[in-house]
Structures are given as C-alpha cells and as structure tokens.
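Colleague: Could you look at this predicted model? Sequence included:
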Amino acid sequence: MKNELYELTRKRRSVRRYGAKRIDDDVIHEIMKVALTAPSSFGHDPVEFVVVRDRDMIRRIGACKQMGGSQINGADTVIVVMVKTADKRTSEFWIEDGAIASSYILLAAEQYGLGACWVQIRNRMGLKKTSDEEIRELLCVPDGFTVLNLVAIGEKGENKRAYTDKDLDTKKIHYNLFRVAD
Ligand SMILES: Cc1cc2nc3c(=O)[nH]c(=O)nc-3n(C[C@H](O)[C@H](O)[C@H](O)COP(=O)(O)O)c2cc1C
C-alpha cells in the first residue's frame, strides 16, 4: 500500500514567506474541519481556534510577540490555537491537545498546497504582558483559555525541498529494546 500520509508529511515544511494570493474561505474551512478531528485527552475536545484573516489584526497579533512576532505579517490567515485550561479535566493535557490540533492544521495546509508555520506563543512575551495575555485581550477571548501557538498560513512564497528517505534518521527508531547504534 502506498504511504500517502508520508507523501504529504515529507512535503510539509515550515514556510515563513508568503505570496499575496488570498485563500478561499472554503479552503480555510476545510482545513479547520481537519483540526476538529484531532484526538484529545479523554475526548474532551478543549481546543478552540480564532481564525484571523484581517491583515491589520494579523499585524496586531504579531505585535503581541516581542521576538519574531512580525514573521506572520505576510500571512493570509493566522489560526490562534487556544485551549480551555480553566477546566480541571482538560488542563493537565492542554499542551498535547493544542499541539496535535496544530499539527493537523499544518498537514491540512500542505494538502491544499499552502505554506504554513507554527509560531510559538507559550512562554513568549509581548510588550507589557505575556503574548498569551495580550492576544486574548486583543481577540476578546473569555477567561479560562490559554493560547498555545499560532499557525500562519498563506500562498507559498518560498520553495523548500521535501524530505526524502535519506533525511530520516532511522536509527532513532528502536524496535523492542532501545539499541544504541554503533
Ligand atoms: C513547538 C514548536 C515551536 C515552533 N516555534 C516556531 C516559531 O516560533 N517560529 C518559527 O518560525 N518556527 C517555529 N517552529 C517551526 C520549526 O522551526 C520547524 O518546524 C523546524 O525548524 C523544522 O523545519 P520544518 O518544519 O521545515 O521541517 C516551531 C515548531 C514547533 C514544533
């Protein structure tokens, strides 16, 4: 059987430069549908998303991350990934739940031939408060959520080589016992 998922994952690279072409609303919606199929701890589905397509708002979100936030300025869309951390049932696994949903978005974007990049927000600072606090304030996010990261999406403005079998360090896969390679 052809490894179709590998064909997709090996092509996915972090794309940080974007073309000016606007992405159809329908395509963004299809990508978000994929995110909603991501697994979550105990199936509590604590991850929510704010899909930002307004250029000025994208710039203001970028300004909430002092170091490197401006990298999202050319993106067509920025998905703000947040998790309900106030709820005791979901707070323990919030990073895992947010990360796997974000991974799905990255892959779905590649499936549509779009460039995308994870932009870290957790443990990052804005001008006065944490990036998380500043972004939640900007987007009127109710109490109880924490922003884990952004996913910037846009027309690919740079071409990156797809990974091949040669790039894979298969020594990192240990079958049955952890075996140190010679
Ligand atoms: C947890 C995490 C945080 C990341 N944070 C950023 C970031 O803040 N800015 C950025 O440009 N890329 C970020 N990246 C993307 C990585 O730099 C990128 O995945 C890595 O260099 C490998 O390149 P590739 O995605 O092209 O395979 C992050 C990736 C992960 C998984």
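Modeller: Received it, and whenever you're ready, just let me know what you need.
Colleague: can we go C-alpha only for contacts and neighbour counts from here?
Modeller: Noted.
Colleague: What residues of the longest helix along the chain count as buried?
Modeller: Ranked by residue count and defined by DSSP state H, the top helix of the chain is helix 94-111. Across helix 94-111, burial judged by 16 or more other C-alpha atoms under 10 Å covers 94-95, 97-111.
Colleague: what about it and the ligand, touching?
Modeller: No: with C-alpha under 6 Å from any ligand atom as the criterion, the ligand is not reached by helix 94-111; the gap is at least 7.6 Å.
Colleague: helices or strands up against that helix?
Modeller: helix 4-9, helix 25-35, strand 47-52, strand 77-84, strand 114-120, strand 145-155 (3 or more C-alpha pairs under 8 Å, 6 or more residues apart in numbering; DSSP states H and E).
Colleague: what's the closest of these to the ligand?
Modeller: Among these, the nearest to the ligand by C-alpha to the nearest ligand atom is strand 114-120 (3.7 Å).
Colleague: Quickly check: that closest one near the ligand or not.
Modeller: Yes: shown here: strand 114-120 in contact with the ligand (C-alpha under 6 Å from any ligand atom) through 117, 118, 119, 120.
Colleague: and the two most separated of the residues you listed?
Modeller: 117 and 120 (9.6 Å; C-alpha to C-alpha).
Colleague: of these two, who's got more company?
Modeller: Shown here are residue 117 and residue 120; by other C-alpha atoms under 10 Å, residue 117 has more neighbours (25 against 16).
Colleague: Please point out which parts of stretch 155-170 sit buried.
Modeller: Quick answer for stretch 155-170 (16+ other C-alpha under 10 Å): 155, 156, 157.
Colleague: Does the first one touch residue 19 like I think?
Modeller: It refers to residue 155. Yes: if you go by C-alpha atoms under 8 Å, residue 155 and residue 19 touch, sitting 4.9 Å apart.
Colleague: Brilliant, that's me finished.
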